[in-house]
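> model the following, please.
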Amino acid sequence: MMHLSKPRRLRRQRRCRSQPQLMDDVVDEILLRLPTDDPACLFRASAVCRTWQRIVTDPGFSGRYRAFHRTPPLLGVLRNPYVSQSARFVPTTSFCPTLDSEGYTIVFDCRHGRVLLDLTASDDYAVWNPITGDQHRLPEIPGNPESPDNAAVLCAAEGCDHSGCAGAGGPFYVAVVGHGDDDGSAHACLYSSITGAWSAPTSIQTHEFVDTTLTVALVGDAAYFPFELGAGGNILQYDIVERSLSMINPTPWNGRGRAIMPTDDGGLRFASFNSEGYRLHLGKGKIGLDGDVEWEAPHRVIELKGVLPRCVGRMGPVLMGVADGAYAVFLANKDCDVFIIDLGSLKARKVCHREQSYCVFPYMSFYMPGTG
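Numbering: from 1, shown residues only. Next up is the predicted model:
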């Protein structure tokens, strides 16, 4: 074994000590490129040394990290069971929050890092932030709808890009839609966390029921609530600013499950599944000045053979929802497993067993050290 002489050993030690450490901006650029699909990567990086911890926990870094990756990662799914059991958060990453509630809990909606809950034991509604753990109980809904058919929770901060809503814990709205007892009308009202109060209810004659299992789409200042397919598949539009209701045209394709979602340019998209041909139909609609939607043709068709497992028997896959146009949720195969499909890469992964769940909500958010 070769041994260095003392002078050479000292010169080598001096050279090592004289080498500059990585500059903060270089470390910053490296950490920005850590993957988003597992929050544990950032947490492990923050534990390397004090310098890295200071960079990762800096509020400016979280904004740059979100801007660099743009699309929030899928952290897990929330599912509602058929039987009298509370909703559950099923993690797809290392992030695993605990829903602290008494009694039977139902998830109504999930958007902008927040989850709208129906606390059936107390007949209350609450907005839960899985990142911070905060739970905001809502006051009693005035008049109709006493029992909403569907509801949406959304960010109320002006100019927000919604990539960091969960960590910021800013203001929010809750829009609810229900039906009257005998008059065949739909009613809606809006809660604001800024004022801590509900708006006056507004109504429209529909003679149809809003589907309680379909995800609500948010475009601009309007929330879109799909009606049940048996009632014609129309869509109810609720203008959050004007507090008004209107009906828009149904989607041109209604297969085995459907969903509506916003587009990047301020329009609407729809998704529907043909279980016989294993085809996912994605269409686009342009919202006119009168608020109605003109659905464009032709629409995009995605072949899912080889992506989803083939079903045995008469039961085919069912589209359960779409999250921000990035992920599709399917109930598939004879074992009733729930799969998430990335609509960009067309990669599917099993996230949970259905266990008689009738609705699954993907939870998408950035989770940064220092925010939880």
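> you'd agree residue 79 is in a strand?
Yes. Counting by DSSP: H, G, I helix; E, B strand; the rest coil, residue 79 is found in a strand.
> pLDDT value on it, please?
You'll see residue 79 listed with a pLDDT of 79.
> now do the same contact list for residue 251.
Residues near residue 251 by Cβ atoms under 8 Å, 6 or more residues apart in numbering: 233, 235, 258, 260, 270, 272, 283, 285, 295. Quick note: C-beta positions are derived from backbone N, CA and C, even for glycine.
> distance-wise, check it relative to residue 149.
19 Å (Cβ to Cβ, to the nearest Å).
> likewise residue 72?
The gap separating residue 72 from residue 149 is 28 Å, by Cβ to Cβ.
> neighbour count for these two, which is higher?
Higher neighbour count among residue 72 and residue 149: residue 72, with 23 against 19, using other Cβ atoms under 10 Å.
> and the more buried one, its phi and psi?
phi -60, psi 140 (degrees, to the nearest 10).
> for it, what are its contacts?
Counting by Cβ under 8 Å, 6+ apart, residue 72 has contacts 36, 66, 113, 163, 364-366.
> any idea which of these is the one closest to residue 129?
Nearest to residue 129, judged by Cβ to Cβ, of the contacts of residue 72 is residue 113 at 6.6 Å.
> hang on, the closest one packs against residue 134?
No. At 11.1 Å, residue 113 and residue 134 do not qualify as touching, with contact defined as Cβ atoms under 8 Å.
> more neighbours, those two?
residue 113 (28 against 13).
> wait, what's in contact with that one?
72, 129-131, 162, 164-167, 365.
> let's have those in JSON lines, adding distance to residue 32.
Converted to JSON lines, the contacts of residue 113 look like this (distance: Cβ to Cβ, whole Å):
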{"residue": "72", "distance to residue 32": "15"}
{"residue": "129", "distance to residue 32": "25"}
{"residue": "130", "distance to residue 32": "24"}
{"residue": "131", "distance to residue 32": "20"}
{"residue": "162", "distance to residue 32": "20"}
{"residue": "164", "distance to residue 32": "15"}
{"residue": "165", "distance to residue 32": "20"}
{"residue": "166", "distance to residue 32": "19"}
{"residue": "167", "distance to residue 32": "17"}
{"residue": "365", "distance to residue 32": "18"}
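> so which of those are in strands?
Counting by DSSP state E, the contacts of residue 113 place none of their members in strands.
> for those residues, which two are the farthest from each other?
130 and 162 (15.4 Å).
> so which of these two has more stuff around it?
residue 130 (24 against 17).
> now do the same for that one: its pLDDT.
Each residue has a pLDDT score; the one for residue 130 is 87.
> wait, what's in contact with it?
If you count contacts by Cβ under 8 Å, 6+ apart, then residue 130 has 75, 89, 95, 97, 99, 113, 115, 166, 363, 365 around it.
> and it, how far is that from residue 361?
For residue 130, the distance to residue 361 - Cβ to Cβ - is 11 Å.
> ditto for residue 77
Distance from residue 77 to residue 361, by Cβ to Cβ: 6 Å.
> check residue 243 too.
26 Å.
> likewise for residue 57?
Going from residue 57 to residue 361 by Cβ to Cβ gives 29 Å.
> for residue 131, same thing?
Remark: distance between residue 131 and residue 361 (Cβ to Cβ) = 15 Å.
> which of the three states applies to the closest residue to residue 34 other than its chain neighbours?
The spatially closest residue to residue 34, leaving aside those adjacent along the chain, is residue 41, at 4.5 Å (Cβ to Cβ, 6 or more residues apart in numbering). State at residue 41, reduced to three classes by three-state DSSP: helix.
> cool, residue 61 as well?
State at residue 61, reduced to three classes by three-state DSSP: helix.
> so the residue nearest to it when sequence neighbours are not counted, which of the three states?
Residue nearest to residue 61 in three dimensions, not counting chain neighbours: residue 55, with 5.7 Å by Cβ to Cβ, 6+ apart. Three-state assignment for residue 55 (three-state DSSP): helix.
> wait, residue 55 sits on residue 24?
Yes. Using Cβ under 8 Å, residue 55 makes contact with residue 24 at a distance of 6.4 Å.
> ok, the two, which is more surrounded?
More crowded of residue 55 and residue 24, by other Cβ under 10 Å: residue 55, with 20 against 13.
> list the contacts for the more buried one?
So residue 55 contacts 24, 27-28, 31, 61 (Cβ under 8 Å, 6+ apart).
> restricted to helices, list the residues you listed.
Under the assignment DSSP state H, the contacts of residue 55 contribute 24, 27-28, 31, 61 to helices.
> lowest-confidence entry in those?
Where pLDDT dips furthest among the ones in helices among the contacts of residue 55: residue 24, at 75.
> and that residue, what does it touch?
Contacts of residue 24 by Cβ under 8 Å, 6+ apart are 51, 55.
> residue 346 now?
Applying Cβ under 8 Å, 6+ apart, the residues near residue 346 are 302, 304, 307.
> most neighbours of all these, which one?
residue 304 (22 neighbours).
> for it, which non-adjacent residue is closest in space?
The spatially closest residue to residue 304, leaving aside those adjacent along the chain, is residue 278, at 4.7 Å (Cβ to Cβ, 6+ apart).
> roughly how far does the one you found sit from residue 307?
Following Cβ to Cβ, the distance that separates residue 278 from residue 307 is 8 Å.
> so for the two, which residues contact both of them?
With the criterion set as Cβ under 8 Å, 6+ apart, the contacts of residue 278 and residue 307 do not overlap.
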